[in-house]
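Chemist: any chance you can model this:
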Amino acid sequence: MDPVTVAAVGPDDRLYLLTTRDAPRGRLCVADPEHPEPEGWSELVGPDPEAVIGDFAIAEGPVLLVGWTRHATGEISVHDPVTGERLGRVPLPGLGSVGHMSTRPEGGHEVWFTYTDGVTPVGVHRHDTRTGRTTLWEAAPGAVEVPEVESHRLVCVSADGTPVR
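Modeler: Numbering: from 1, shown residues only. Below is the predicted model of the structure:
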């Protein structure tokens, strides 16, 4: 299968490349927009053997957020946008799916994304990179009250020793 690459110019005028080139689960690279050839790419956030990169956003600070799917569960990690060093995680409401992340066109410290799980309708959540807090920004219209539910991530081992999630 041919690699897929999605490019975006960041607020720092660097070219960010979310790609499956040399990384089937994805990696995030940066390059000079004047020289976007793959030979000039520098890996910022490398592939994870247990997760797939699906999205990224850059907020004021600067702060780099990277969206992942790990064992069918969404997560968002926080990185230094210069070195790619992982600095932490964005708190999420539960073990669910995270959608596309977006920021204000003019920049800012807020990042919005969708979240849903087995009992929660899709809602838009807002992460404040200054405080590190994530809150529900807008619930789905017509949402009903759902009783409190607990979810757990289980791992069972098959007869041949393979972990099954």
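
Chemist: tell me the confidence at residue 154?
Modeler: Looking at residue 154, its pLDDT is 88.

Chemist: how close does it get to residue 71?
Modeler: Separation of residue 154 from residue 71 (CB to CB, to the nearest Å): 10 Å. Just so you know, the C-beta spots here come from the backbone N, C-alpha and C atoms, and that holds for glycine as well.

Chemist: and if you look at residue 98?
Modeler: From residue 98 to residue 71 the distance is 14 Å (CB to CB).

Chemist: which of those two has more neighbours?
Modeler: residue 98 (21 against 12; other CB atoms under 10 Å).

Chemist: where does pLDDT dip in the protein?
Modeler: 143 (pLDDT under 70).

Chemist: just to revisit the earlier point, got any residues that touch both of residue 154 and residue 71?
Modeler: Shared contacts of residue 154 and residue 71, defined by CB atoms under 8 Å, 6 or more residues apart in numbering, are found at residue 165.

Chemist: which residues does the most centrally placed residue in the chain contact?
Modeler: Centroid-nearest residue in the chain: residue 67, 0.8 Å away (criterion: CA atoms, centre = their mean). Applying CB under 8 Å, 6+ apart to residue 67 gives the contacts 53, 54, 55, 56, 57, 74, 75, 76, 98, 100, 101, 113.
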